[in-house]
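Undergrad: requesting a structural model of the entry that follows:
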Amino acid sequence: MTYMSGPNHLSSAERTLSILEHLANHHKINLEQLANETSLPKATLHRFLNTLVTLGYVFRDPYDQYSLTLKMFSVGSKGLSHMDIAQDARPIAMQLGERLGETVHMGVLDQDMAMYIMKMESKYTIRMYSRVGKRIPLYCTAIGKVLLSGMDPQILSHTLDHLRLVPFTEHTITDRSVLEHELQKIRDSGYGEDRQEHEEGIRCIAAPVFDHTGQVIAGLSVSWPLFRFDEDHCDGYVSAVIESARAISSLMGN
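TA: Here you go, the predicted structure:
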């Protein structure tokens, strides 16, 4: 999270959220390490942590190590349950998953990343590790690129100005002009791909979901382990994903 003011001028809400976000990056962490990461004085941090422990959002073990509790997940899950798009899209996503047999995700824009709001598991034993609430990069995932492709040109330019195109694999696009060309291809074709750009051995195909104004509000994707992705059936995969995304768009009034 990016804040407009320095650590000495943060509001209580900003400090609390900063603490929670840093805790989310660790299984367990001690006070000193967390103070270094948040740039908060130990006394201040200790006071906030005590409050979060009392409220049940943070757990402190006997060795003074801090970690998030499942209460944060519970709150987030309740929020997701009120998102009509995730609820309305579920039957269509389920049909898509049954049709192709692979993992289906839906993701939305979350600041400078995308976040999964729905997942349908693959029918196979070997599955993709992911979860609802997981945040993923925009520039090297199929859902992320679909969301970028639907942005207003000025917003897209501003977003790309602030994105660091860090290579996750040898296939990751790290050149802005190449990425912009890819985004135009997505606009023209109606779908985007991740060709082992985020994770080695994973292929993804995504299509945009539109609202009643024609704005891209989500991306729907299917992910394959590379050994199960049949290039000869790629056109069929693409058609299935686009068809499902359009069906969800229709539910959204598009």
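
Undergrad: partner strands of the helix or strand where V222 lies, parallel or antiparallel?
TA: Remark: V222 resides in strand 216-225, with elements defined by DSSP states H and E. Here strand 216-225 has these sheet partners by DSSP bridges: strand 103-110 (antiparallel), strand 202-210 (antiparallel).

Undergrad: tell me which of those strands sits nearest to L34.
TA: Nearest of the strands paired with strand 216-225 to L34, taken as CB to CB: strand 103-110 at 23.3 Å. The C-beta positions use only the backbone N, C-alpha and C, and glycine is treated the same way.

Undergrad: list the contacts of the next helix-or-strand element following that closest one.
TA: Counting by DSSP H and E, the next helix or strand C-terminal to strand 103-110 is strand 113-120. Strand 113-120 is contacted by residues 80, 83, 85-86, 89-90, 93-94, 96-97, 103-109, 130-138, 141, 143-144, 147, 218-219 when judged by CB atoms under 8 Å, 6 or more residues apart in numbering.

Undergrad: which entries within those residues meet the buried criterion?
TA: Buried members of these, counted by 16 or more other CB atoms under 10 Å: 80, 85-86, 89, 93, 96-97, 103-109, 130, 132-133, 136-138, 141, 143-144, 147, 218-219.

Undergrad: who touches stretch 168-184?
TA: Counting by CB under 8 Å, 6+ apart, 137, 139-140, 145, 148-149, 156, 160, 165-167, 192, 195-200 sit against stretch 168-184.

Undergrad: now do the contacts for the nearest residue to L220 once chain neighbours are set aside.
TA: Sequence neighbours aside, A245 is the residue nearest to L220 in space, at 4.5 Å (criterion: CB to CB, 6 or more residues apart in numbering). For A245, the contacting residues are A207, P208, V209, G219, L220, by CB under 8 Å, 6+ apart.

Undergrad: I'd guessed the second one sits against G219; true?
TA: Yes - P208 sits in contact with G219 when judged by CB atoms under 8 Å, with a separation of 6.0 Å.

Undergrad: domain parsing for this structure?
TA: For the chain, the structural domains run 7-72, 83-251, going by automatic domain parsing.

Undergrad: what's the mean pLDDT across the first one?
TA: Pointing back at domain 7-72 there. Domain 7-72 shows an average pLDDT of 89 in the prediction.

Undergrad: can you give me how far that domain is from the chain middle?
TA: 23 Å (CA atoms, centre = their mean, to the nearest Å).

Undergrad: nothing else from me, thank you.
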